[in-house]
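**Q** build me a model:
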Amino acid sequence: MLFNDSQKTSNLMNAFIPQIIFAAAVSTVAVGAYAENTYSTGRLNNGLVYHVLNVPSEPGRVDVRVQVGVGASDENGTSEIGVAHMVEHMVFRAAPDYPQGVGETLIQQGWRRGANFNAMTNYERTLYMFSPNKGKVQLDETLKAAAAMMTPRPFAQADWQKEQQIIEAEWRNGLGVAERMNRKRNEVIRSGSRQSRHAIIGTQTSIQNTPVNVLEDFHRRWYVANNMQVMISGDITPEQARPLLEKYFGRLKTGELPDRSGAYYEPVLQNGWHVNQLQDKDSGGSFVAVLFRQNDAPSRVYDSEAGTRARMVDRFAARILAQRVKNELKDLPKAVSTITARKSDIGRESIAIGLVASVTPDGHNQGLTEILKLRERILRAPVTRAEFDDYMKTMRSTIARAKQKTTLPEPFGDAIQLVSENALNGKPVRTQAQNAASAEPVLNRLTPSEITARLQQWLNADDKLVQIQAPSLTEIKGFPNAAQIEAEAAALQTAQLPPLQAKAEAGKGAFTAKAKKGEITAESYDQSLKITRWTLQNGDKVVLLQNPVAAGKVYLQAYGAAGFMSSNLNPWQSQLAQQIVWQSAPQGWTNEQLNEWKKQHKLSLNMRLNATNSKVDGSAADKEAENLFRLYQAYYTTPQVGEDYRDAIMTMIRRLTMDETASRAAKEKAVTDLRFGGKAYLSPTQTDLEETEEPQLLAQWQSLSQAPTTYYILTAQKPRKIKPLVEQYLAAIERKPVESAKPYQALSGDKVERQNVNAEARTDVAAWSFSDEKWSPQTAAQTAILRTLAYEQLKAELRDKALGVYSLKFETTLNPETNRVESELRFTTTADKADGLWKLGETTLAKLPQTITEQQVAPLRSNFVEQEKGRLKNPETWLNRLVLSEQHFGDARYLNEMDKLPEAITVEKLQDTAQLLWNPQNRRVLIADPMK
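**A** Residues are numbered from 1 along each chain as shown. The predicted structure is shown next:
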């Protein structure tokens with residue numbers, strides 16, 4: 001990737017640990033009320049394929065993507081390791097007409113790296129993305145730059161030496177545990193494939209030693225017209241696009257490409273059972289996965305009914321497999337907390353079907369046995385008509401909705417995503433109605449026997465891979481080898497096993513206690529803003545805003561005065577209690593019943609527990625307002641702890657094991673000690689967790705739930721419609737006074753520490769600063785704008801000029817809870833550069849006020865104005881701003897000042913606020929060098 005603006009985790013080929021969503025045969029993208037979008041495609045004489053997505057609702061806006069069909073899989077694996085990614089970087093350097101470099105020229109013209117142009121390389125393709133900030137007027141400029149990047153040319157040695165430093169910084173950034181584990185999983189799940197040979201970025205040795213002529217040769221061989229696709233989206237028609245494409249891309253040469261069909265991108269499948277253990281000192285996973293790897297070529301045909309049918313059978317099989325696994329979860333042994341069914345692509349024509357068990361650190365043998373027994377029971381059971389009809393009902397409903405979607409998605413981002421995901425990957429671009437038309441006849445002829453056959457095919461695949469992992473370096477004792485697993489699976493074929501359980505009927509829940517009605521003891525009304533205030537008999541407060549933006553729904557936010565750091569609560573136990581109670585249904589309901597009821601009534605209700613308070617957030621249609629209030633009241637007056645509550649406790653116990661052995665613990669402790677002077681509270685021991693029972697959890701929840709509360713309600717209805725609901729469900733909830741939580745804030749003062757606490761072979765720099773500043777809407781808006789300006793300056797100085805970092809993160813915000821402007825700077829570098837770079841970063845931030853110009857501010861202000869128009873159509877914006885205003889000013893003045901926010905975004909005012917972004921008097925810096 002050309003530039004990454006945060007230290008986010010790679011998800012490269014992580015096939016089985018995160019949840020995988022099964023691929024859909026019919027999409028259901030939401031459509032807004034805009035003009036119709038149209039798509040067309042064509043080919044230039046030199047073989048370049050182009051796509052044009054016309055989006056009339058975006059006048060003046062354009063987006064350009066250039067995809068080259070080459071990635072790390074196309075490298076020879078000897079002299080070319082990471083070269084596809086290296087070329088991605090080098091094409092932004094000097095070229096004819098761009099002596100300063102294509103990227104640098106764009107920046108000088110007002111483009112922002114990462115925001116207006118970026119690139120990424122994977123195993124199969126390299127994608128370049130351009131979103132000119134001035135839109136269509138820069139389309140010529142964009143296409144000229146992109147064509148220059150695609151055109152073969154000599155690369156300057158001096159440019160390569162600079163880029164090597166940036167790529168090596170990017171490589172260092174990927175040394176974390178997530179990246180290491182992803183790489184290990186990829187090597188196993190795609191074993192034998194070109195993707196399993198090495199990481200996309202290459203190795204440190206290849207980055208340091210690959211000659212520039214190797215990059216030139218790779219660029220010349222693969223960057224040819226018949227290996228490229230260009231997609232232009234926005235305010236552009238095919239008639240306008242084709243001449244421009246001919247002008248800038250028509251001169252590119254055609255090249256001879258190797259045959260990459262067949263097994264080129266596929267793993268080498270094995271016969272029989274084989275076992276692999278994944279392990280990393282910093283990874284806390286504990287699981288057993290049985291993965292069935294197989295060819296899936298019939299489902300990859302997109303231009304025939306046979307392909308549609310294969311994908312439809314896949315979808316039914318995946319759904320029924322997942323449901324069958326879910327039906328068996330309540331009978332698992334304690335060592336196995338859950339089993340899930342997953343499906344993932346592991347090649348262009350290969351898949352893996354997985355049964356994955358989460359287990360205790362010593363529960364791997366039990367996890368394997370449970371998977372093998374479950375597999376055998378599934379194989380024995382043909383798909384029933386009830387199972388088939390259950391999902392058929394869902395699919396018919398999906399198709400009925402899709403038939404109404406006769407145009408492409410209309411919002412710009414949705415349209416680009418749909419077209420690029422299909423067109424650039426060789427799939428047809430269709431409307432949902434077209435997909436439905438091709439899927440419905442197939443659906444009508446589908447039978448349960450076909451689904452049974454697919455499940456048999458999946459779970460009897462020749463290649464059966466068993467993956468195991470325990471936390472950190474925990475030894476897995478006595479785990480069977482491949483021959484023993486094969487024998488156990490064979491023995492189960494004749495074993496007496498219980499039949500599969502049918503999907504449990506959810507039934508209907510019922511609230512167990514009649515809500516005790518209370519009274520409103522005081523009332524006032526603000527005519528100008530249509531705000532009603534009520535004081536309830538239990539002391540709680542209600543602030544109701546009547547505004548048409550609510551548009552037929554009721555929105556609720558409830559702030560409780562107790563948080564997990566309140567003196568009458570146990571910090572870790574109260575958090576555990578909140579998690580468990582809120583994930584359990586109230587008395588009278590099962591989780592399944594409640595989820596179905598919430599879905600039926602289309603209401604949401606969620607809770608978050610913070611250090612100093614709690615927040616409940618919910619919404620429902622006007623006609624469902626009583627159900628929303630009733631459910632809130634039930635959680636607070638008739639809570640229950642679900643039968644599976646120990647699963648959450650077991651998760652914490654596994655985490656304890658990880659915390660004790662993970663090498664990152666030293667770094668986390670160094671950060672906590674430096675910034676806060678120590679941990680906020682003592683963590684529980686394993687004994688503490690094992691002794692935690694239902695009564696203790698309910699006691700903690702009761703203390704939380706009785707804290708005085710303020711409710712904020714947004715509705716378009718008259719207050720008299722909501723008043724009886726407040727009296728019936730809120731006014732009589734029992735409340736007790738609580739003591740304020742102890743503040744746990746970053747320490748004041750200046751301190752810099754350098755410690756050998758980094759588990760990776762790199763130096764991580766983290767710096768924090770704060771300035772006291774009373775919260776106001778204007779300063780909050782200015783801080784958000786300044787975050788962008790500061791980030792651009794830091795990126796230019798630390799990355800582009802000093803060549804010292806790749807991934808840089810800078811965040812700054814005016815925290816409404818602490819009344820502080822809080823800033824954080826993070827980057828990864830080498831030990832010798834660390835001290836100089838954080839000081840350069842501090843100098844850059846100190847100079848920021850003097851560098852702000854109207855040329856920089858104008859587009860950001862314009863963008864803010866456009867975004868604000870959208871925000872003011874959002875009910876959550878109004879409710880959130882009401883809350884902020886009431887909490888900070890004791891009234892709703894913010895709602896009267898929203899239209900004046902752009903007036904706060906001037907050069908002079910930004911220069912004043914910029915001085916708050918970095919305060920050397922309240923600054924902490926940690927330089928984390930590699931452990932010795």
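**Q** CA atoms only for the worst-scoring helix or strand of the chain on mean pLDDT - export them in PDB, please.
**A** Least confident helix or strand, the chain: helix 645-661 with a mean of 77, by mean pLDDT, DSSP states H and E. The C-alpha trace of helix 645-661 is given here as PDB (Å, rounded to 0.1, in the frame of the first residue of the first chain):
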ATOM      1  CA  TYR A 645     -22.900 -16.800  31.700                       C
ATOM      2  CA  ARG A 646     -19.800 -18.800  32.400                       C
ATOM      3  CA  ASP A 647     -18.700 -18.500  28.800                       C
ATOM      4  CA  ALA A 648     -17.800 -14.900  29.400                       C
ATOM      5  CA  ILE A 649     -15.900 -15.900  32.500                       C
ATOM      6  CA  MET A 650     -14.000 -18.500  30.700                       C
ATOM      7  CA  THR A 651     -13.100 -15.900  28.100                       C
ATOM      8  CA  MET A 652     -11.600 -13.800  30.800                       C
ATOM      9  CA  ILE A 653      -9.700 -16.700  32.300                       C
ATOM     10  CA  ARG A 654      -8.100 -17.500  28.900                       C
ATOM     11  CA  ARG A 655      -7.200 -13.800  28.600                       C
ATOM     12  CA  LEU A 656      -5.500 -14.000  32.000                       C
ATOM     13  CA  THR A 657      -3.300 -16.800  30.800                       C
ATOM     14  CA  MET A 658      -2.400 -14.700  27.800                       C
ATOM     15  CA  ASP A 659      -1.700 -11.600  29.900                       C
ATOM     16  CA  GLU A 660       0.700 -13.600  32.100                       C
ATOM     17  CA  THR A 661       2.700 -14.900  29.100                       C
END
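**Q** contacts for that helix, please.
**A** By C-beta atoms under 8 Å, 6 or more residues apart in numbering, the residues outside helix 645-661 that reach it are 281, 284, 286, 334, 337-338, 360-361, 471-474, 576, 579-580, 583-584, 665, 683-686, 689-690, 692, 694, 697. No exception for glycine: its C-beta is placed from N, CA and C like everyone else's.
**Q** name the next helix or strand following it along the chain.
**A** Scanning forward in sequence from helix 645-661 by DSSP states H and E, the next helix or strand is helix 664-676.
**Q** strands of the stretch 201-350 of the chain, start to end?
**A** Applying DSSP state E, counting those that start in this stretch to the stretch 201-350 of the chain gives strands spanning 228-234, 272-278, 287-295, 336-345, 350-359.
**Q** quick one: the least confident helix or strand of the chain to chain centroid distance?
**A** On the basis of C-alpha atoms, centre = their mean, to the nearest Å, helix 645-661 is displaced by 24 Å from the centre of the chain it belongs to.
**Q** point out where this structure drops to low pLDDT.
**A** 1-35, 506, 657-663 (pLDDT under 70).
**Q** identify whichever of the strands of the stretch 201-350 of the chain lies nearest to residue 832.
**A** Nearest to residue 832, of all those, is strand 272-278, at 33.9 Å by C-beta to C-beta.
**Q** which other residues reach the closest one?
**A** Strand 272-278 has contacts (C-beta under 8 Å, 6+ apart) with 181, 184-185, 188, 285, 462-469, 476, 479-483, 485-486, 489.
**Q** just to revisit the earlier point, so the least confident helix or strand of the chain versus strand 350-359, what angle?
**A** 90 degrees (axes from the mean of the first three to the mean of the last three C-alpha atoms, to 10 degrees).
**Q** confirm for me that residue 37 is in contact with residue 52.
**A** No: under the criterion of C-beta atoms under 8 Å, residue 37 makes no contact with residue 52, lying 10.7 Å away.
**Q** buried residues in stretch 257-275?
**A** By neighbour count, with 16 or more other C-beta atoms under 10 Å as the criterion, the buried positions of stretch 257-275 are 263, 264, 265, 266, 267, 269, 273, 274, 275.
**Q** same question, stretch 85-105
**A** Quick answer for stretch 85-105 (16+ other C-beta under 10 Å): 85-95, 98, 101-105.
**Q** in helices, which of these appear?
**A** 85, 86, 87, 88, 89, 90, 102, 103, 104, 105 (DSSP state H).
**Q** out of the residues you listed, flag the one nearest to residue 546.
**A** Distances from residue 546 to those, taken by C-beta to C-beta, are shortest for residue 103, at 51.8 Å.
**Q** show me what contacts that closest one?
**A** By C-beta under 8 Å, 6+ apart, the neighbours of residue 103 are 2, 92, 93, 113, 117.
**Q** just give the nearest non-adjacent residue to residue 781, would you?
**A** residue 901 (5.2 Å; C-beta to C-beta, 6 or more residues apart in numbering).
**Q** brain fart, residue 81
**A** Spatial nearest neighbour of residue 81, chain neighbours left out: residue 206 (4.0 Å); criterion: C-beta to C-beta, 6+ apart.
**Q** hmm, that neighbour is touching residue 78, no?
**A** No: between residue 206 and residue 78 no contact is recorded; they are 10.0 Å apart, counting by C-beta under 8 Å.
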